[in-house]
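**Q** return a 3D structure for these sequence lines:
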Amino acid sequence: MKLSPNHIGTNGISGSQEEGNIIRLLVADDHLVAREGIVYLLSGTPGVEVVGEANNGSEALNMLEDLKPDILICDISMPDFNGIELLKKLEDSGQEVKVLILSMHKDSEYIMKSFEHGALGYLPKNADEGELLKAIETIHKGERYITQEVSNVLAQSMLASKSTVKYNLTSREKEIINNLVKGLSNKQIAAELFISIRTVDTHRTNIMKKLKVKNVASLVKLALNENLCD
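**A** Numbers count the residues shown, from 1 in each chain. The predicted structure follows:
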């Protein structure tokens with residue numbers, strides 16, 4: 001999170017102070033420096049109040065019950081149970097809190113699972129303070145917040161998914177393709193996926209038949225053109 005102390009307080013949440021409607025926030029992140037940075041930024045911002053800090057998923061769940069914040073700002077990678085698991089527990093418990101995921105992970109699987117289990121926003125940790133405040137304001141209204149970067153990741157994932165279906169590829173074949181695109185040999189792929197070299201060779205042969213290519217170079221070219229690799 002890029003912090004600019006001189007900027008803090010100049011870009012508060014629009015309308016919150018005038019309406020006397022302070023947005024109450026709980027921040028959950030096991031990385032102390034990251035958490036303190038977020039809290040430092042938000043503590044000096046008009047219209048919001050950080051009511052608590054949690055070091056892991058279990059702490060966050062307990063504090064949500066006690067503090068009843070409007071928004072939970074949550075990391076994905078946390079000890080005890082992670083952000084996705086926390087979202088699932090919130091679903092099961094029926095607790096009404098809006099969730100903004102703030103994570104270093106930009107993998108489409110994490111993003112999609114976050115939204116699938118109730119998050120209203122997903123923000124990379126390299127976002128600046130203006131974008132964080134915009135995300136808070138947006139999801140406080142009950143609206144979804146997606147950055148252009150996250151949107152691009154999801155769009156790329158959708159294209160890859162369509163191509164996977166088009167060529168009838170299995171998840172294991174997708175893994176083989178990803179490693180072939182990286183330039184790994186059969187031996188290296190076998191070690192990476194904990195399977196035998198013969199199994200890798202069999203998968204590669206089947207992939208080439210499905211893609212109708214005659215060599216690995218053509219396979220890699222097609223995989224890149226058709227968004228078959230992550």
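**Q** and this structure, what are its domains?
**A** Structural domains annotated on the chain: 5-148, 161-225, as defined by automatic domain parsing.
**Q** out of those domains, deepest packed?
**A** For the domains of the chain, the largest average neighbour count (mean count of other C-beta atoms under 10 Å) is found in domain 5-148, namely a mean of 18. Backbone N, C-alpha and C define where each C-beta goes, glycine included.
**Q** still on that earlier bit, a markdown table for the domains of the chain, including mean pLDDT?
**A** What follows is the domains of the chain, written out as a markdown table (pLDDT from 0 to 100):
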| stretch | mean pLDDT |
| --- | --- |
| domain 5-148 | 84 |
| domain 161-225 | 87 |
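**Q** any idea which element the residue nearest to the spatial centre of the chain lies in?
**A** Computing the C-alpha centroid of the chain and ranking residues by C-alpha atoms, centre = their mean puts Ile111 first, at 3.7 Å. For Ile111, the host element (DSSP states H and E) is helix 108-116.
**Q** show me how far that helix is from its chain's centre.
**A** Relative to the chain's own centre, helix 108-116 is displaced by 6 Å; criterion: C-alpha atoms, centre = their mean, to the nearest Å.
**Q** following element in sequence after that helix, please.
**A** Toward the C-terminus from helix 108-116 - assigned by DSSP H and E - lies strand 121-124.
**Q** check which element follows that following strand along the chain.
**A** Counting by DSSP H and E, what follows strand 121-124 is helix 129-140.
**Q** packing partners for that next one?
**A** Using 3 or more C-beta pairs under 8 Å, 6 or more residues apart in numbering; DSSP states H and E, the elements in contact with helix 129-140 are strand 23-28, helix 32-43, strand 71-74, strand 98-103, strand 121-124, strand 145-146.
**Q** now with 6 Å?
**A** strand 98-103, strand 121-124, strand 145-146 (3 or more C-beta pairs under 6 Å, 6 or more residues apart in numbering; DSSP states H and E).
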